[in-house]
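Q: From the sequence below, what's the structure:
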Amino acid sequence: MTEFIPPGTRYVDLPSPFPMKRGGELRQARVAYETWGTLAADGGNAILIVTGLSPDAHAAASDSNPEPGWWEAMLGPGKPIDTDRWFVVCVNSLGSCKGSTGPASIDPASGRRYALGFPELSIEDGARAAVAVVDALGITRLACLIGNSMGGMTALALLTQRPGLARGHINISGAARALPFSIAIRSLQREAIRLDPNWNGGDYDEDSYPESGMRMARKLGVITYRSALEWDGRFGRVRLDSDRADDEPFGLEFEVESYLEAHARRFVRRFDPNCYLYLSRSMDWFDIAEYCSPRCGEHDADARSALAAIGRAGLEKALAIGVHTDILFPLQQQEEIAEGLRAGGCDARFLPLPSPQGHDAFLVDFERFGPAVAGFLDELHVPSPA
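A: Residues are numbered from 1 along each chain as shown. You can find the predicted model right below:
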């Protein structure tokens with residue numbers, strides 16, 4: 001399968017071997033990243049963005065790649081994350097197919113793609129890989145660490161691995177652990193891929209790509225990324241025009257069905273199925289209580305005490321943002337993050353937003369998310385770079 005790497009992508013080589021949390025190791029592995037803005041002489045204006053499952057490192061347009069990025073409205077000169085003021089780094093997740101080493105990459109030991117020979121992937125592995133980029137850039141302390149969706153999990157793992165690495169943290173629609181509903185949805189997505197005959201135990205190519213499985217997985221994901229309120233407002237019960245309807249028995253009949261089909265078809269050939277499986281499962285495994293319990297000073301540590309340990313370790317300010325209509329990472333998960341960090345002495349706030357757009361609101365509802373992020377960054381009081 002082809003890796004989908006945007007122009008202008010840069011790389012950091014990971015230590016070789018790079019041991020993985022659940023066993024195994026990577027050799028000659030790398031992490032893809034992009035940067036915007038100018039790093040201040042003291043390095044104090046650096047922001048790191050860790051992403052959700054599917055984004056690449058191209059969060060916004062740059063001199064090396066003028067194409068709009070996946071967070072274009074949020075990042076750039078004069079925007080909520082103002083690159084005239086901040087030096088911003090965005091990393092592509094370890095395990096992805098968009099520049100960082102993952103199951104679609106070539107295994108140097110065999111000369112073939114890793115496929116299911118890739119070691120079991122955890123959120124913590126992705127966090128350590130992101131830290132390697134920060135270290136390679138010579139940044140000793142981040143002004144802020146921003147994590148969206150799966151990146152919210154990665155950010156919390158990073159803060160436990162490198163206490164005090166960031167002064168501030170924005171956790172957007174993230175979680176300290178996976179909930180049963182989210183695990184169930186992702187399990188069905190993975191099953192759809194694995195049951196496609198073309199998946200073939202992870203051994204496929206461009207000519208025998210598990211397209212049906214990926215389409216079903218993506219459709220199910222998109223349904224949970226948005227809310228019932230938005231589906232009703234956008235589509236209602238509007239039917240397709242007769243010349244657009246699917247003539248197959250039980251085929252496409254409603255506008256919402258056509259939207260899901262078109263959205264899924266745009267995605268399936270742009271993301272590697274094995275990478276999807278690995279990254280999806282890494283979220284299900286993540287539980288900050290399990291990872292942090294030795295540091296918490298309690299025999300039976302829970303997520304709250306694990307989060308409090310992050311607060312005690314030097315995180316000064318935090319903002320956990322959630323959306324009322326998010327069914328995949330519901331509001332109580334962001335509230336739990338804020339309360340736990342606050343219990344450790346961090347100035348942490350919880351901001352529930354009334355967006356109708358569900359989990360994906362941070363990708364589209366910039367009128368609400370922009371001021372919230374900009375306001376928090378203003379409170380960090382970092383001067384513009386010289």
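Q: This protein - how does it break down into domains?
A: 10-177+287-378, 183-281 (automatic domain parsing).
Q: Out of those, indicate the one that is most buried.
A: domain 10-177+287-378 (a mean of 21; mean count of other Cβ atoms under 10 Å). (C-beta placed from N, C-alpha, C; glycine too.)
Q: picking that back up, just give me the lowest mean pLDDT stretch among the domains of the chain.
A: Among the domains of the chain, domain 183-281 has the lowest mean pLDDT, at a mean of 91.
Q: quick one: it to chain centroid distance?
A: Taking Cα atoms, centre = their mean, to the nearest Å, one finds domain 183-281 lying 19 Å from the centre of the chain it belongs to.
Q: E67 contacts H58, doesn't it?
A: Yes: counting by Cβ atoms under 8 Å, H58 is a contact partner of E67 at 7.2 Å.
Q: Mutual contacts of these two, please.
A: P6 (Cβ atoms under 8 Å, 6 or more residues apart in numbering).
Q: what about the helices in the stretch 201-350 of the chain?
A: Under the criterion DSSP state H, counting those that start in this stretch, the stretch 201-350 of the chain contains helices at 211-225, 228-235, 255-268, 273-285, 288-292, 303-312, 331-343.
Q: quick one, which of the ones you listed is nearest to A130?
A: helix 273-285 (13.4 Å; Cβ to Cβ).
Q: That closest one - contacts with which helices or strands?
A: helix 123-136, helix 150-161, helix 180-194, helix 211-225 (3 or more Cβ pairs under 8 Å, 6 or more residues apart in numbering; DSSP states H and E).
Q: Distance from the chain centre to the third one, please.
A: For helix 180-194, the gap between its own C-alpha mean and the chain's C-alpha mean amounts to 17 Å (Cα atoms, centre = their mean).
Q: likewise stretch 98-107?
A: That offset, for stretch 98-107, works out to 17 Å (Cα atoms, centre = their mean).
Q: try stretch 14-30
A: With Cα atoms, centre = their mean, you get 21 Å for stretch 14-30.
Q: try stretch 43-54
A: The answer for stretch 43-54 is 11 Å, by Cα atoms, centre = their mean.
Q: With stretch 117-125 instead?
A: So, by Cα atoms, centre = their mean, the centroid of stretch 117-125 is 15 Å from its chain's centroid.
Q: Could you tell me the end-to-end distance of that stretch?
A: Taking Cα to Cα, to the nearest Å, stretch 117-125 runs 16 Å from one end to the other.
Q: G164 and S227, how far apart?
A: With distances taken as Cβ to Cβ, to the nearest Å, G164 is found 37 Å from S227.
Q: nope, G344 is what I was after
A: 32 Å.
Q: again, but for L26
A: L26 is 38 Å from S227, by Cβ to Cβ.
Q: Please apply the same query to I5.
A: 33 Å.
Q: Please apply the same query to A361.
A: A361 is 9 Å from S227, by Cβ to Cβ.
Q: Show me the common contact partners of these two, please.
A: 325-326.
Q: Next up, the contacts around the residue nearest to L142 when sequence neighbours are not counted.
A: Leaving aside its sequence neighbours, L142 sits nearest to A166 (Cβ to Cβ, 6 or more residues apart in numbering; 4.1 Å). Each residue near A166 by Cβ under 8 Å, 6+ apart is listed here: 48, 141-145, 159, 315.
Q: again, 7 Å this time
A: 142, 144-145, 159, 315 (Cβ atoms under 7 Å, 6 or more residues apart in numbering).
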